[in-house]
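Student: Have a look; sequence and predicted model below, questions after that.
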Amino acid sequence: MGFKESLASIDERFNNSKIGKFFEVGARGSKLSTEIGAGTATFMTMAYILAVNPGILSESGGPCVPPDGNIFAPEYEACIEEVKRQYITSTAIGSMIGCVVMAMLANLPIALAPGMGMNAYFTYNVVGWRGTGGVPWDTAVTAVLIEGAVFLVLALTGARFAMAKLIPEPIRMATAPGIGAFLAHLGLQTSNGLGLVVSDIATAVTLGACPLEKRTPIVAYDDDCANNGICITSDAYTCDVLGGRMTSATTWIGLLGLVIMIVFLSYKRNYGIIVGIFFVTIISWFRNTAVTYFPDTPQGDARFEYFSQVVAIEPINLLFAKYGGDLQAAVLALFTFLYVDFLDTTGTFLGLVSHMGLLDENGDFPRSRLAFSADAIATMLGSLFGLSPVTSFVESAAGVEAGGKTGVTALVAGFYFLLSIFFAPIFASIPPWATGGSLVLVGSLMCRNLPLIKWQRVDHAVTAFTTIILMPLTYSIAYGIIGGFLVWIGSQCIFYALKLVGIPLPYSEDEEDISDDIVKSVPNGSDEDKTVHDGKDGEPKSPEAEVLEDSFNADEPPERMDTDGGIMSA
């Protein structure tokens, strides 16, 4: 018996097993080998979170307490490094749990992990860089737990539809691009990225990319600095004093990694982000080079010693179940977590299930309450490990494209996250200039909603633009959303006040809401693809889509399809 025959036999036996029937693999026209390949593709496209998320969340300082308030003390720096290592383990565990919960409850090929954007908001807006914000770290973690519980109630009661209608359309359309701009801004800076954008005394930010020896730190010029010479420095620096702009080797190798990601993704190779990150990382692991992550310094030696372990399981004692009770300062954070999580999860689900041909005319899909509940439960469980909200990843589209149709795809992705727990030294040694390009790339891909904004309407255009531009410029997702709401509410109140005195509205009240088009659209697909997948416009659904939808709704799974084709190949 050849390899193909053996593989077909294994697929057949699995489809007829209790596990295969539980996940309805055969009923949905799939097979074990396809689901494994789809799960692998999903993990490869989102594995960057294991390198990026610990770097972002650890910059909050976690539970570390600076001695005498000095956030640059060596012992505080060492604590942050330990927190970063523990966040690798907690990120892997939280992602694994999220994938398993989604697979078991909703049986969807959607993987979960700490959401990009929300992790940055958690660190830089809520807790603040190294704890300089207004909310203690343990209180922020508690807010994540409560947000997950509220989201669970909304999911189980179906109230999420009512909430969606309360959010003005231009703000809905602008939130994802705004978060994308925020992520790209992080990726262009030094602490989490390429070092291409640096501080400037006159213009706040400017072009940088100067090497370490050419960087002049920005200091807080307070009374102690002016009178006693005790000046507090930070990671912010300028290249204006000593020059050397665009001569940093790490910036250029990071940009090369970004180009590699772009090329791979352009050729529909969904593992392009991972290839780019690891290409830069491997080059940066060689010592005595201009781009090394292990320079001949005490810090570089400590990094290399830890890296040399290769396999190690980091404890999570600093992060596990560290809840706080002072929630008054975290009210805004709680609502922002809920809002962003709601939009992100809803957008991801609608995009993927419409791609699978399961979205109905009301914007709903089978087992939707269980799917949203799984997302909420993953957030609650993730808070146990000190994580920002765990959410469904749009990168799961890679698995759907590869033929994934069931929760087995999510289980496979979860298994890979389980394996990554044992390789913390490897993931902790990925330099920021290796992951900075991925932040820029992910940020750019989050701007796909921009053409859907009604730019011809001034009130929509200004509301959307305000929402987008304030997020990176104020380092706050919440401020962007609040600014958008203020512009929208202010303009609409004036319009209706003028209407009361006889001046007509500047637009038609019967104008079609663009959100209807979004609900019915198929991402990255043509009109022909849309007809095949969901049977809209009076055309019949494809046989695969009908069987897949029936398998969600039927009390018993239908007979297995005698086809190897999937929805995506219809």
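Tutor: Ah, there it is.

Student: for this structure, what's the longest helix?
Tutor: The longest helix of the chain (DSSP state H) is helix 74-106.

Student: what helices or strands is it leaning on?
Tutor: Applying 3 or more Cβ pairs under 8 Å, 6 or more residues apart in numbering; DSSP states H and E, we find helix 74-106 packed against helix 49-58, strand 112-114, helix 368-383, strand 390-392, helix 407-420, helix 424-428. Yep, even glycine has a C-beta here, placed from its N, CA and C like the rest.

Student: could I have stretch 357-377 exported to CSV, CA atoms only?
Tutor: Written as CSV, here are the backbone C-alpha positions of stretch 357-377 (Å, rounded to 0.1, in the frame of the first residue of the first chain):
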residue,chain,number,x,y,z
GLY,A,357,-20.9,30.3,3.0
LEU,A,358,-22.6,30.2,6.4
LEU,A,359,-23.7,33.8,6.8
ASP,A,360,-27.4,34.4,6.5
GLU,A,361,-29.2,37.6,5.3
ASN,A,362,-29.5,38.8,8.9
GLY,A,363,-25.7,38.7,9.5
ASP,A,364,-25.9,35.6,11.7
PHE,A,365,-24.5,32.2,11.4
PRO,A,366,-25.1,28.7,13.0
ARG,A,367,-23.8,28.3,16.5
SER,A,368,-22.9,32.0,16.6
ARG,A,369,-23.8,32.2,20.3
LEU,A,370,-21.4,29.4,21.1
ALA,A,371,-18.7,30.9,19.0
PHE,A,372,-18.9,34.3,20.7
SER,A,373,-19.2,32.5,24.1
ALA,A,374,-16.0,30.6,23.3
ASP,A,375,-14.2,33.9,22.6
ALA,A,376,-15.5,35.4,25.9
ILE,A,377,-14.5,32.3,27.9
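
Student: Any regions of the stretch 1-150 of the chain where pLDDT drops low?
Tutor: Applying pLDDT under 70 to the stretch 1-150 of the chain flags residues 1, 45.

Student: hmm, back to that, out of the helices and strands packed on helix 74-106, deepest packed?
Tutor: Across the helices and strands packed on helix 74-106, averaging neighbours per residue (mean count of other Cβ atoms under 10 Å) puts strand 112-114 on top, at a mean of 31.

Student: Spatially central, which residue of the chain would that be?
Tutor: Met116 (2.6 Å; Cα atoms, centre = their mean).

Student: quick one: secondary structure of it?
Tutor: coil (DSSP: H, G, I helix; E, B strand; the rest coil).

Student: Let me know whether it touches Leu183 as I believe.
Tutor: Yes: if you go by Cβ atoms under 8 Å, Met116 and Leu183 touch, sitting 6.0 Å apart.

Student: Find residues that contact each of the two.
Tutor: Counting by Cβ atoms under 8 Å, 6 or more residues apart in numbering, the residues touching both Met116 and Leu183 are 439, 442.

Student: Pull out the buried residues from stretch 445-461.
Tutor: Judged by neighbour count using 16 or more other Cβ atoms under 10 Å, the buried positions of stretch 445-461 are 446-447, 449, 452-454, 457, 459-460.

Student: Relative to Thr292, which of those is nearest.
Tutor: Thr292 lies nearest to Met446 out of the buried residues of stretch 445-461, by Cβ to Cβ, at 32.0 Å.

Student: Report the contact partners of the closest one.
Tutor: Contacts of Met446 (Cβ under 8 Å, 6+ apart): 117, 176-177, 179-180, 183.

Student: mind running it again at 7 Å?
Tutor: When contacts are counted by Cβ atoms under 7 Å, 6 or more residues apart in numbering, Met446 is found next to 176-177, 179-180.

Student: ok, now Pro472?
Tutor: 181-182, 185.

Student: pretty sure Met471 contacts Ile482?
Tutor: No: at 10.7 Å, Met471 does not count as touching Ile482 under the criterion of Cβ atoms under 7 Å.

Student: Tell me what angle the longest helix of the chain forms with helix 49-58.
Tutor: Angle, helix 74-106 to helix 49-58, by axes from the mean of the first three to the mean of the last three Cα atoms, to 10 degrees: 130 degrees.

Student: Sort out which residues of helix 74-106 are buried, please.
Tutor: The neighbour-count check on helix 74-106 (16+ other Cβ under 10 Å) flags 76, 79-103, 105-106 as buried.

Student: orientation of it relative to helix 407-420 in degrees?
Tutor: Using the same axes, to 10 degrees: helix 74-106 against helix 407-420 is 160 degrees.

Student: From the chain's centroid, how far away is helix 74-106?
Tutor: Computed by Cα atoms, centre = their mean, to the nearest Å, the chain-centroid distance of helix 74-106 equals 14 Å.

Student: what number of residues lie near the nearest residue to Ala73 once chain neighbours are set aside?
Tutor: Computed as Cβ to Cβ, 6 or more residues apart in numbering, the closest residue to Ala73 that is not its neighbour in sequence is Pro67, at 5.1 Å. Counted with other Cβ atoms under 10 Å, the neighbours of Pro67 add up to 12.

Student: do the same with Thr474
Tutor: Neighbourhood size, Thr474 [other Cβ under 10 Å]: 15.

Student: And the closest residue to it other than its chain neighbours, how far from Thr190?
Tutor: Spatially, and ignoring its direct neighbours in sequence, Thr474 is nearest to Gly480 (7.0 Å; Cβ to Cβ, 6+ apart). Using Cβ to Cβ, to the nearest Å, Gly480 is found at 23 Å from Thr190.

Student: what does Ile56 give?
Tutor: Distance from Ile56 to Thr190, by Cβ to Cβ: 14 Å.

Student: ok, back up a step: could you check the pLDDT of the residue nearest to Thr474?
Tutor: Looking at Gly480, its pLDDT reads 84.

Student: one step back: any chance of the contacts of Pro472 in a markdown table, with pLDDT too?
Tutor: Shown next, in a markdown table, are those (pLDDT from 0 to 100):
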| residue | pLDDT |
| --- | --- |
| Ala181 | 87 |
| Phe182 | 81 |
| His185 | 88 |
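
Student: buried residues in stretch 139-156?
Tutor: Taking 16+ other Cβ under 10 Å as the criterion, stretch 139-156 shows 139-148, 150-152, 154-155 as buried.
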